[in-house]
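Asks: Sequence plus predicted model, see below.
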Amino acid sequence: MQMKTGVEQSVYAVLILNMLPDKAVLPGEAISQQLGASPTYFQKLLRKLVSADLIISVSGVKGGFKLRKKPEQIRIYDIYLAIEGMQSIYSSSGVLHDMLELDNENCCCLLTDLMEEAESSWKSVLKRETIASLYEEINENHQPKVQLLQKWIKENMVL
């Protein structure tokens, strides 16, 4: 399984929005530039995050984006769902059934249970981590770089 870069970009976009002062917004163009993302593709990601009620879009000259929820309420899994959707990472294509020429159409794939368990495990990890926990970790381990990012945010935010 390989996750799209959109999930990574979206997590870091929300992490950046977490650093905004209360009444400020950050333009999408500025965020996409900071993340090195394609502006048109990134706008699609932002729309998905808005649709998932994770961020708010403020229109107009002084428009931009900000968090809708508190960082403690935004799980990394919520961002993953907003970008990737609910589909399972594994779906049996019936190889075992075909290989053994089984008559029983209801025969299950040997891998289904294993893949469901693996998927459940990584989802539980994404569900326990939040934007707040990621911010705390990055702030503890990279304080000087976080301060530079906060300076960039202040230079690009709109009040």
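Replies: In hand now; what should we look at?

Asks: Where is the longest helix in this protein?
Replies: helix 110-128 (DSSP state H).

Asks: and it, what does it pack onto?
Replies: If contacts are counted by 3 or more CB pairs under 8 Å, 6 or more residues apart in numbering; DSSP states H and E, helix 110-128 sits against helix 76-84. C-betas here are computed from N, CA, C, even on glycine.

Asks: Can you check what angle separates the helix it packs on from helix 110-128?
Replies: Helix 76-84 runs at 120 degrees relative to helix 110-128, counting by axes from the mean of the first three to the mean of the last three CA atoms, to 10 degrees.

Asks: For helix 76-84, enumerate the helices and strands it packs against.
Replies: helix 5-18, helix 39-51, helix 110-128.

Asks: Can you read off the backbone torsions of K23?
Replies: Per-residue torsions, K23: phi -90, psi 10 (degrees, to the nearest 10).

Asks: ok, now how distant is it from M157?
Replies: K23 sits 10 Å away from M157, taking CB to CB, to the nearest Å as the criterion.

Asks: Quick check: the gap between V158 and G60.
Replies: Taking CB to CB as the measure, V158 and G60 are separated by 9 Å.

Asks: Point to the helix or strand of this structure where mean pLDDT is at its lowest.
Replies: Counting by mean pLDDT, DSSP states H and E, the weakest-scoring helix or strand in the chain turns out to be helix 95-99, with a mean of 61.

Asks: Output the below-cut-off pLDDT ranges for this protein.
Replies: The chain contains residues with pLDDT under 70 at 1-3, 88-110.

Asks: Spatially central residue in it, please.
Replies: The centroid of the chain falls nearest to I79 when counting by CA atoms, centre = their mean (3.2 Å).

Asks: how many neighbours does R128 have?
Replies: 11 (other CB atoms under 10 Å).

Asks: now swap in Q43 and tell me
Replies: 14.
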